[in-house]
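J.: Have a look at this fold, sequence not included:
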């Protein structure tokens, strides 16, 4: 068996683009190889900051011959009365590459047809690869693409070289104007000279000898081990940061790290300031002691084995020291004013050209937060809550947030804490931007949670009102994340909030800015947020899509209740009796659709199955009244199960659509009432179950 190697060597590829590129390459290569009949081959995909590489092992030298049974046109169309071929018959013969006299016939349910057995001779694997590779590479997509040269080539970065080897033979390929060969280069510092790969299986070792670790998994392992060693040497430990560690892996060809330090005086700054400087601006790992306290040191990534003169370390230390000195200056300058002093300046900051200033937005957020607090019976001080909204935005005017935008909210919280504000207030300001989407912790205090939900709903409603709505994959204002954050906060807080009413209140505050009718605007915003709730059920609670649809179809506005119903339904739905119940409920839905509500008259029952269903419904209703107030939702769903047999007997023995109008209406009312009780929990007709159709 043979091995194929492809290397596309480029200028520096952005770290964020590499994981997606590897996934695309693997998927596309596996798919195209499978189409060619190479189902047993193994595809490895690697990358560094300057190259993408694919190695396919266990390849045969040639495709296997393939036999195909081909059916042609009907004999009555393809053969003339004298037995000679018609144009249709001649066309089929040309298609299969056989003389017409060798074409067979096959009898089918539709009559007699021409047929032929065609043997497709396998092609050279190398030849196939030369055709397969260019469209696979050209189809790769990146967040940002570049053109270079005459502008005809488009890729993530300009391409400098292509290696394509089938064992030890060059596979002729041209990519972006570069012909394939066996020449590549090593590490830009340690081994920049060009060299040749003698055969595909030598690739990884040959690059390793030239200070390039091409496998990201190996670089990750080595970086983690080296970071732990450097931290231990400094008497500290690395603050866990898997996201930054993953970025380090993509930034380098050699897994190099170095330790540095800064003045311990800077630790007097809020920890978030130091971490932001180290992590976000210099991409350095943060050091801490066993108690989690920051230490005056860092670990920086370096795409090289060593730092013989200490210049890389000194450069990082100089930049970090300068930025921390700036931060200390900004921090001290900001402390000369209180947050209350800064609030009037929000009038000068535009939130949106139509929706007004940040002061306008803060006022809307404060009013909406009060509405939400009142609706859930919160015991927070409503005056403090409304006043907290502008304070939450005030740090956008500070020097520190101007220099470190990542610290919005956080700095306002610190400044208020240092001013002596209550813990509820300063943590609310600190936390109200959290979480981002479904990720991260919800605010610590009720005030923070109320502000967080109100802020997000106001943003979504306001931007929808002025036409700034997400479209496809484009969401420039992060409205999906905003809605997801509001959903998470409410669920984490366990509020029995009428979420749809909160949306209506949010829309009411911005309706004057919209060209849409308030009813239409409310509907589209509600549908948008409902879709985020559905995503929570599927992505976070891990229920199936039809389970989410079933519970949301009967109401989703009470989010903790909706989550509880979804979890319970997902648990009980696999029981055989429950599947039978779901199928029966589809019949109930079909029969009672568009029928008016009516009382059931037991005096009109003619059969025992009617009374049995009526009594079972009453029993179920009583169980719900006992279980639901105690949130015993799974038990409530299980109380449905005995109804499966009752409904089956009813549908077998009772003709619902009988001739007697009164009896017919009473039977429909009986089923309608049962459906109404079920609607306390879910619309089972939405479940996709074997033997039934999904409506």
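T.: Looks like it came in fine. Since the model is a prediction, treat every value here as computed from it, not as a measurement.
J.: ok, residues contacting the helix or strand containing residue 610?
T.: Residue 610 is part of helix 608-627 when elements are defined by DSSP states H and E. Helix 608-627 is contacted from outside by 600, 602, 605, 633, 635-636, 639-640, 642-643, 646-647, 649-650, 653-654, 667, 670, 673-674, 677, 680-681, using C-beta atoms under 8 Å, 6 or more residues apart in numbering. No exception for glycine: its C-beta is placed from N, CA and C like everyone else's.
J.: What about those, which are in helices?
T.: If you go by DSSP state H, those have 633, 635-636, 643, 646-647, 649-650, 653, 667, 670, 673-674, 677 in helices.
J.: Now the buried members of the residues you listed.
T.: Neighbour-count burial (16 or more other C-beta atoms under 10 Å) is assigned, among those, to 633, 636, 643, 646, 647, 650, 667, 670, 673, 674, 677.
J.: Can you convert those into TSV and add a column each for distance to residue 162 and pLDDT?
T.: Shown next, in TSV, are these (distance: C-beta to C-beta, whole Å; pLDDT from 0 to 100):
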residue	distance to residue 162	pLDDT
633	60	83
636	64	82
643	67	81
646	71	85
647	67	83
650	72	87
667	75	88
670	74	87
673	72	83
674	69	83
677	68	79
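J.: could you redo these as TSV and give each row distance to residue 169?
T.: Shown next, in TSV, are these (distance: C-beta to C-beta, whole Å):
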residue	distance to residue 169
633	66
636	69
643	71
646	74
647	70
650	75
667	79
670	79
673	78
674	74
677	74
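J.: Need phi/psi at residue 605.
T.: Taking degrees, to the nearest 10, you get phi -70, psi 130 for the backbone angles of residue 605.
J.: Need the pLDDT of it.
T.: The model reports residue 605 with a pLDDT of 85.
J.: same deal with the one 5 residues further on?
T.: Among the per-residue scores, residue 610 shows a pLDDT of 86.
J.: and residue 48, bridged to which residues?
T.: Assessed by DSSP bridges, residue 48 has beta-bridge partners residue 51.
J.: Could you check how many residues crowd around residue 612?
T.: 18 (other C-beta atoms under 10 Å).
J.: Can you give me the buried ones in stretch 425-439?
T.: Quick answer for stretch 425-439 (16+ other C-beta under 10 Å): 425-435, 437-438.
J.: For these, could you give me JSON lines that also reports distance to residue 142?
T.: As requested, the buried residues of stretch 425-439 are arranged in JSON lines below (distance: C-beta to C-beta, whole Å):
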{"residue": "425", "distance to residue 142": "45"}
{"residue": "426", "distance to residue 142": "42"}
{"residue": "427", "distance to residue 142": "40"}
{"residue": "428", "distance to residue 142": "40"}
{"residue": "429", "distance to residue 142": "38"}
{"residue": "430", "distance to residue 142": "36"}
{"residue": "431", "distance to residue 142": "35"}
{"residue": "432", "distance to residue 142": "35"}
{"residue": "433", "distance to residue 142": "29"}
{"residue": "434", "distance to residue 142": "30"}
{"residue": "435", "distance to residue 142": "28"}
{"residue": "437", "distance to residue 142": "23"}
{"residue": "438", "distance to residue 142": "26"}
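J.: Sort out for me which of those are in helices.
T.: Counted as lying in helices by DSSP H, out of those, are 425, 426, 427, 428, 429, 430, 431.
J.: I'd like the distance between the fifth one and residue 416.
T.: Applying C-beta to C-beta, to the nearest Å, the value for residue 429 to residue 416 is 6 Å.
J.: Pull up the overlap in contacts between these two.
T.: Common neighbours of residue 429 and residue 416 (C-beta under 8 Å, 6+ apart) are 339, 391.
J.: ok so, going back, now the two most distant members of the ones in helices among the contacts of helix 608-627.
T.: Based on C-beta to C-beta, the longest span within the ones in helices among the contacts of helix 608-627 runs between 633 and 653 and measures 32.1 Å.
J.: part of a helix, is residue 322?
T.: Yes. Residue 322: assigned to a helix according to DSSP: H, G, I helix; E, B strand; the rest coil.
J.: what's around it, how many residues?
T.: Around residue 322 there are 11 residues (other C-beta under 10 Å).
J.: Helix or strand next in line after the helix or strand that contains residue 509, which one?
T.: Here residue 509 sits within helix 499-510, counting by DSSP H and E. Sequence order places helix 518-539 as the next helix or strand after helix 499-510, per DSSP H and E.
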